[in-house]
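K.L.:
Predicted structure and sequence below. I'll ask about it afterward.
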Amino acid sequence: MEQTQEKTVSPTVKDKEGSLADVIWDNIKTVFWAVLIALIIRSFWLEPFRIPSGSMYPTLRVGDYLFVTKYSYGYSRYSFPFGLPLFEGRLLYKEPKRGDIVVFKFPQNTHTDFIKRIIGLPGDKVQVKNGRLYINGTRIKREENGRYIVDEYVTIPEFYKQYTETLPDGFSHQIIELSDSERIVDNTELFEVPEGAFFVMGDNRDRSDDSRISVGFVPADNLVGRAKFIFFSHDDKGSMFKPWTWFKAIRWKRIFKGIH
């Protein structure tokens, strides 16, 4: 009686090539959908930003990483990657409130992102005299509440006075001042904010390049979104080449802190 033997058929070279091609194609599709989803989230919902300078102390510190909500003021060409001119103006526009901290495209170079606080709305008259902010002829109330020291990411520590400033609509926030007699920023011309634009200032009043200096008025179309909350933060005490210092450099109390 004859016995039949089962033969194991090895995959052909063609089969192996087909399997490899399927794997590569699956990976391409996975990457494509991941990138597409990330772009949709970044364009319509949240976009991450890092604070690189000290112009927004004490509210935002160098080393803060934050999320900006893209839907807060509607959408413009700058809501999307590369600022492609897909349309003009803003869709679903909602005007910012005085006191909002906003990310916007620098009017003189729209490849650069700035972050500041909105101080003047369309039609407002804004001026700084002897270090004091005036809006529509009224001097804005501020109350000193201590001292603030900037000793991170600097060579020499800087010592400031900290104030609580209350804007005309009742919104209060913290600012810091070196003095009321700094050159240029503490005595300005009278600015009248045009329609469709905003006047912005940094909370670190004497160390901020803002609407008083080179930024000028910020067109509504240049708004990217509203700063919402900090999702990560670290100081300058850690070293990239010393992993054991990373944990200590994290500012744990600032993680998931709201921004106002």
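P.N.:
That came through, no problem.

K.L.:
check which helix or strand covers F104.
P.N.:
Here F104 is covered by strand 101-105, with elements defined by DSSP states H and E.

K.L.:
and that strand, what does it pack onto?
P.N.:
Secondary-structure packing of strand 101-105 (3 or more CB pairs under 8 Å, 6 or more residues apart in numbering; DSSP states H and E): strand 113-120, strand 197-201, strand 223-233. Just so you know, the C-beta spots here come from the backbone N, C-alpha and C atoms, and that holds for glycine as well.

K.L.:
switch to 7 Å and redo it
P.N.:
Other helices and strands packing on strand 101-105, by 3 or more CB pairs under 7 Å, 6 or more residues apart in numbering; DSSP states H and E, are strand 113-120, strand 223-233.

K.L.:
who touches it?
P.N.:
Strand 101-105 has contacts (CB atoms under 7 Å, 6 or more residues apart in numbering) with 49, 59, 68, 78, 96, 113-118, 218, 222-227, 259.

K.L.:
Can you say which of those are buried?
P.N.:
Buried subset of those (neighbour count, 16 or more other CB atoms under 10 Å): 49, 59, 68, 78, 96, 113-118, 218, 222-227, 259.

K.L.:
This protein: strands as residue ranges?
P.N.:
46-50, 64-69, 101-105, 113-120, 125-129, 132-135, 138-139, 141-150, 158-166, 172-177, 191-192, 197-201, 218-219, 223-233 (DSSP state E).

K.L.:
For L84, which of these is the nearest?
P.N.:
strand 101-105 (13.1 Å; CB to CB).

K.L.:
Count the neighbours of L167 for me.
P.N.:
Neighbour count of L167, defined by other CB atoms under 10 Å: 18.
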